[in-house]
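Visitor: One predicted model, sequence on top.
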Amino acid sequence: MIETRALGKVYLGSGFARRRTPSGGVALPAGASPQWMSAAGAPRVSGPGAMAQTGGRMSPPRGMDIAALVALDLNIKEGEFFGLLGPNGAGKTTTIGILTTRVRATSGDAWVAGCHVSDNDVELRRRIGVVPQRPNPDRGLNVLENLVFHGAYFGLSTSEATRRAMDLLGKFDIADRVASSVDALSGGQQQRLMIARALLHEPQVLFLDEPTVGLDPQARLALWTILRQLHADGRTIVMTTHYMHEADELCDRLAIIDRGQLLACDTPEKLRAQAPGTTVVEIEVEGDAAAAAARCGAVPGVSSATVSGNSVRALSDRGGEAVPALIRAIEGAGARVTNMNLSSPSLETLFVSLTGRRLD
Ligand SMILES: Nc1ncnc2c1ncn2[C@@H]1O[C@H](COP(=O)(O)OP(=O)(O)O)[C@@H](O)[C@H]1O
Ligand SMILES: [Mg+2]
């Protein structure tokens, strides 16, 4: 449903508008004369729409460019709930921006719902719904009008748009706010309105950029319920977040990104299993717990095994892999396993091991 190949984005310099031209050069607004261009031999800008090029490509001094995304390869399947997890500045919004045609990539390719992001952007936009990082309803319109105007933009009749809007507002528990000004809505209600707007034209893919930032825990849970339902209905969802727990709870698969680089991509379970460090295996035993612990301590991959009451606590560097051997060791000591609990390493542990830093 979504594929990116070596997708890259470099924000050149900063502080003034640029747009990339088909020839690969950079067009500057008329009259623009940034400092780095006035150096000897710099291209001249003369008149409206003038093209500034030096043999095809031009670049500002080193240190001013920001490589927001570096050769990103992703493959997201139809119906998947896919998460982009990373700290602030990782490149999440840039990735969503490119996939939703709001940001132009500087290298690589991307396709969404069968459309190339730059060759077929008009059709692409019809096939996607976007919930931006900050709610951006039209504050001059009430709740229902926001949805109906959006419907008109996608060619829906007023009656059809109203029907769909009422249906979505009902599902998202804000039907009683149809005539409210959007400013009268809570943060959680505004975010739900944004999701309703994104879904009104029945897109194949829903993109959400950090949808729960700033919401209180209750509003966040309400949003999770909505997202889970959309996923259960078969919708393809791509969500960014810097909350590990959220990514872990909601997503089928996750891409962990940092500083524009893809660090890992897998299911939350497999990612957690890749995390180094220690799985705590708590085993309740019937019989001689001390003898059982002594044998558990000799199991390969187990760094320590201690007794607490009738439990053996083993620290495993190989996750659950050590479990069968632990059970054999306990039985070998003449004891019996009555209960067992594993606490896995977290995505946080994995992130720290990959980057040397914490996620938040
Ligand atoms: N329009 C822009 N112009 C220049 N730099 C930008 C722009 N947007 C984002 N960046 C930079 O690109 C990097 C990635 O940003 P972003 O994609 O917003 O990350 P995230 O959403 O993960 O916080 C950051 O270093 C950010 O400062
Ligand atoms: Mg962002």
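Guide: Structure's in. What do you need? Numbers count the residues shown, from 1 in each chain. Ligands and ions are numbered 1, 2, ... in the order given.

Visitor: can we go C-alpha only for contacts and neighbour counts from here?
Guide: OK.

Visitor: and the stretch 51-200 of the chain, which residues reach ligand 1?
Guide: Ile66, Ala68, Pro87, Asn88, Gly89, Ala90, Gly91, Lys92, Thr93, Thr94 (Cα under 6 Å from any ligand atom).

Visitor: Isn't the fifth one up against Arg259?
Guide: Right, the one you point to is Gly89. Yes. Judged on Cα atoms under 8 Å, Gly89 makes contact with Arg259 at a distance of 6.5 Å.

Visitor: can you list residues touching both of these two?
Guide: Ala68 (Cα atoms under 8 Å, 6 or more residues apart in numbering).

Visitor: quick one: which of these two has more around it?
Guide: Comparing Gly89 with Arg259 by other Cα atoms under 10 Å, the one with more neighbours is Arg259, at 19 against 13.

Visitor: so how far is Gly334 from that one?
Guide: Separation of Arg259 from Gly334 (Cα to Cα, to the nearest Å): 53 Å.

Visitor: all helices for the stretch 251-360 of the chain, in order.
Guide: Along the stretch 251-360 of the chain, counting by DSSP state H, counting those that start in this stretch, helices occupy 268-274, 289-296, 323-332, 347-355.

Visitor: hey, which of those helices is tucked in deepest?
Guide: helix 289-296 (a mean of 22; mean count of other Cα atoms under 10 Å).

Visitor: which helices and strands does it pack with?
Guide: Here helix 289-296 touches strand 302-308, strand 311-316, helix 323-332, going by 3 or more Cα pairs under 8 Å, 6 or more residues apart in numbering; DSSP states H and E.

Visitor: can you confirm Leu168 is in a helix?
Guide: Yes. Assignment of Leu168 by DSSP: H, G, I helix; E, B strand; the rest coil places it within a helix.

Visitor: returning to that earlier point: tell me the one of the residues of the stretch 51-200 of the chain next to ligand 1 nearest Leu141?
Guide: Using Cα to Cα, the shortest approach to Leu141 within those belongs to Thr93, at 26.7 Å.

Visitor: dump the residue contacts of that closest one.
Guide: Thr93 sits next to Gln133, Asp209, Thr240 when contact means Cα under 8 Å, 6+ apart.

Visitor: Helices of the stretch 1-150 of the chain, residue ranges please.
Guide: 92-99, 121-127, 143-153.

Visitor: still on that earlier bit, for the contacts of Thr93, give me JSON lines that also has neighbour count.
Guide: Compiled in JSON lines, those are given as follows (neighbours: other Cα atoms under 10 Å):
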{"residue": "Gln133", "neighbour count": "16"}
{"residue": "Asp209", "neighbour count": "22"}
{"residue": "Thr240", "neighbour count": "26"}
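
Visitor: Please flag which of those residues sit within strands.
Guide: Asp209, Thr240 (DSSP state E).

Visitor: In CSV, list the contacts of Thr93 along with distance to Ala264.
Guide: Formatted as CSV, the contacts of Thr93 follow (distance: Cα to Cα, whole Å):
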residue, distance to Ala264
Gln133, 23
Asp209, 19
Thr240, 15
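
Visitor: which one of the contacts of Thr93 sits closest to Lys77?
Guide: The closest of these, once distances to Lys77 are taken by Cα to Cα, is Thr240, at 16.4 Å.

Visitor: Phe81 is in contact with that closest one, correct?
Guide: No. Counting by Cα under 8 Å, Thr240 sits too far from Phe81 to count as a contact (10.8 Å).

Visitor: show me where pLDDT drops low in the stretch 151-300 of the chain?
Guide: Filtered on pLDDT under 70, the stretch 151-300 of the chain yields the residue ranges 276-277.
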